[in-house]
Structure formats: structure tokens, C-alpha cells
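Participant: Prediction below, plus the sequence it came from.
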Amino acid sequence: MAMQTSSLNDLALSLIKILDRNNIFPPAINNPEELIGRSTPNSRTRRPPNGFLLCRKNVHKEARSKGTCNMRVISKVTGMLWREASAEEKETYEQLALDVQSLHSQKHPGYRYRPTSRSNKSVPLYHPYMNTSRSKSVPLYNPYMNTSSVSFSTPMTNPQVNYQTTDLLSQSPQEHDYFQYYQTQYNNLIDDTGMYQLYSTTGTWQQ
């Protein structure tokens, strides 16, 4: 990027050395009829140029006579010349711009400048949750969507532990009763609708 800027500056300095400044200040193109811009019946009316654009038009004509048609270089040179121009030289272009604007108003009465896009189409504002796909069957995720009305097909229940397998048949009656007791206590412990059971250090359950 720095190399491109340096190259542009070098080309502008080379061009400004060979330009005839007397063909720019005062402007060689000073006829308002030539500066309005041609418009066809189906084209949009162009905006009248200001003083700086009129200066660039004269720089463009002089640069073409020297064999340069690069608009980036011409715009760079125009900016350099405009900054170095005196107040009287700028006033000449500003007065010429007023004459062009007056003639423009006569040819296009009621004209108002309305900036439009190149495609002449209104571009909708960006919305992060707007579904831009053609298919509307799958909605996009919205963190602010009200999910209170969403119904779940499978009810959410607490898991219940069931250790009643065929291996329990080989246990003694005392072991079976002991196992059933702790299974019930465990299921009650993970049930959020009941009270949590407290286990003491003595090995007995406290209600």
C-alpha cells in the first residue's frame, strides 16, 4: 500500500511539472454550456459541478494534451494545484460554478439532488436475526424469542434407579431388605418434589 501511494505521488509530481498552469488558472474551459453535462431523455439529470470539479475538468484537458489520462493521477494533481491556488484563482472557479448552476436551474426547473445507489434499489437494513434464505420452514435462532409456548413431546422426569435384576434372587432376605431400603432412599434423594434426606455419621437416616 505504501509503495502504491509513493508511486502515485511520483506520477503526480512528474505530471505537475509538465502542465501549463496558465491553461488552468484562469480556466481554459469556461463556457457554462459545455460544463453542465449532456443528458439523454432516459438518463438521470446530473448534479451541477462545484468549483473544484470545474478545476479538475481543466486539469484533465491539459493532462490529456500531455499524454496522461489516469484519473487517479489527475485527481491527485488537481488537489495539489487547488491547495496551492490563491484566493482570487479559487474565486474565479467558484463564480464559474454559480454561472453553471444558474444555467442548470433554467434547463432543469424544480431539480433537487437526490443521492441514489448505483442499482437504484432500496437496500434493507441489516438485521442479525432476519432469515434471508428462501426457505422459511426453519427459523433462525433468536435469543430473545419467547419459549413459554413451546411444548415438548417428551416429558422431563427425574431418573429412577432400579436395581431389581435377576441377581437379586440369589440374595438372602436380610440383604434383599437392606438393598431395597437404600434404593428407596436414593430415589427420594434425587426427587426434587420431596425433602432431601440427611445422612448422619452414625449410619442412620434422619428425617
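Facilitator: Thanks, I have the structure now. Numbering: from 1, shown residues only.

Participant: For the rest of this, base every contact and every neighbour count on C-alpha atoms.
Facilitator: OK.

Participant: Can you tell me the SS state at the nearest residue in space to Met71 that is not next to it in sequence?
Facilitator: Ranked by CA to CA, 6 or more residues apart in numbering and with sequence neighbours excluded, the top spatial neighbour of Met71 is His60, at 7.9 Å. Secondary structure, DSSP: H, G, I helix; E, B strand; the rest coil: His60 is helix.

Participant: Am I right that His60 is in contact with Cys69?
Facilitator: Yes. Counting by CA atoms under 8 Å, His60 touches Cys69, with 7.4 Å between them.

Participant: Confidence-wise, which helix or strand of the chain is lowest on average?
Facilitator: Across the helices and strands of the chain, the lowest-confidence element by mean pLDDT, DSSP states H and E is strand 198-199, at a mean of 46.

Participant: got the contact list for Glu33?
Facilitator: Applying CA atoms under 8 Å, 6 or more residues apart in numbering to Glu33 gives the contacts Val100, Leu103.

Participant: element containing it, please.
Facilitator: helix 32-35 (DSSP states H and E).

Participant: Restricting the selection to alpha carbons, write that helix to PDB.
Facilitator: Taking C-alpha atoms only, helix 32-35 is exported to PDB below (Å, rounded to 0.1, in the frame of the first residue of the first chain):
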ATOM      1  CA  PRO A  32     -21.300  27.100 -18.800                       C
ATOM      2  CA  GLU A  33     -22.900  25.300 -21.800                       C
ATOM      3  CA  GLU A  34     -20.000  22.900 -22.000                       C
ATOM      4  CA  LEU A  35     -19.800  22.400 -18.300                       C
END
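
Participant: And that helix, what's buried?
Facilitator: Pro32, Leu35 (16 or more other CA atoms under 10 Å).

Participant: Could you check stretch 49-56 and say which residues are buried?
Facilitator: Pro49, Asn50, Gly51, Leu53, Leu54, Cys55, Arg56.

Participant: His60 and Cys69: which is more packed in?
Facilitator: The neighbour comparison of His60 against Cys69 (other CA atoms under 10 Å) goes to His60, with 22 against 14.

Participant: Helices of the chain, start to end?
Facilitator: 2-18, 32-35, 51-65, 71-84, 87-107, 173-189 (DSSP state H).

Participant: Deepest-packed of those, please.
Facilitator: Highest mean neighbour count among these (mean count of other CA atoms under 10 Å): helix 51-65, with a mean of 19.

Participant: mean confidence for that helix?
Facilitator: For helix 51-65, mean pLDDT rounds to 96.

Participant: Please work out which residues outside it touch it.
Facilitator: 15, 19-20, 23-24, 27-29, 35, 69, 71, 74-75, 77-78, 82, 90, 93-97.

Participant: Could I get the CA-only coordinates of it as PDB?
Facilitator: Taking C-alpha atoms only, helix 51-65 is exported to PDB below (Å, rounded to 0.1, in the frame of the first residue of the first chain):
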ATOM      1  CA  GLY A  51     -15.600  24.900  -8.300                       C
ATOM      2  CA  PHE A  52     -13.200  22.100  -7.500                       C
ATOM      3  CA  LEU A  53     -14.800  19.800 -10.100                       C
ATOM      4  CA  LEU A  54     -14.500  22.500 -12.700                       C
ATOM      5  CA  CYS A  55     -10.800  22.800 -11.900                       C
ATOM      6  CA  ARG A  56     -10.400  19.100 -12.300                       C
ATOM      7  CA  LYS A  57     -12.100  19.300 -15.700                       C
ATOM      8  CA  ASN A  58      -9.500  21.800 -16.900                       C
ATOM      9  CA  VAL A  59      -6.600  19.800 -15.400                       C
ATOM     10  CA  HIS A  60      -8.000  16.800 -17.200                       C
ATOM     11  CA  LYS A  61      -8.000  18.600 -20.600                       C
ATOM     12  CA  GLU A  62      -4.400  19.800 -20.000                       C
ATOM     13  CA  ALA A  63      -3.200  16.400 -18.900                       C
ATOM     14  CA  ARG A  64      -4.600  14.700 -22.000                       C
ATOM     15  CA  SER A  65      -2.700  17.100 -24.100                       C
END
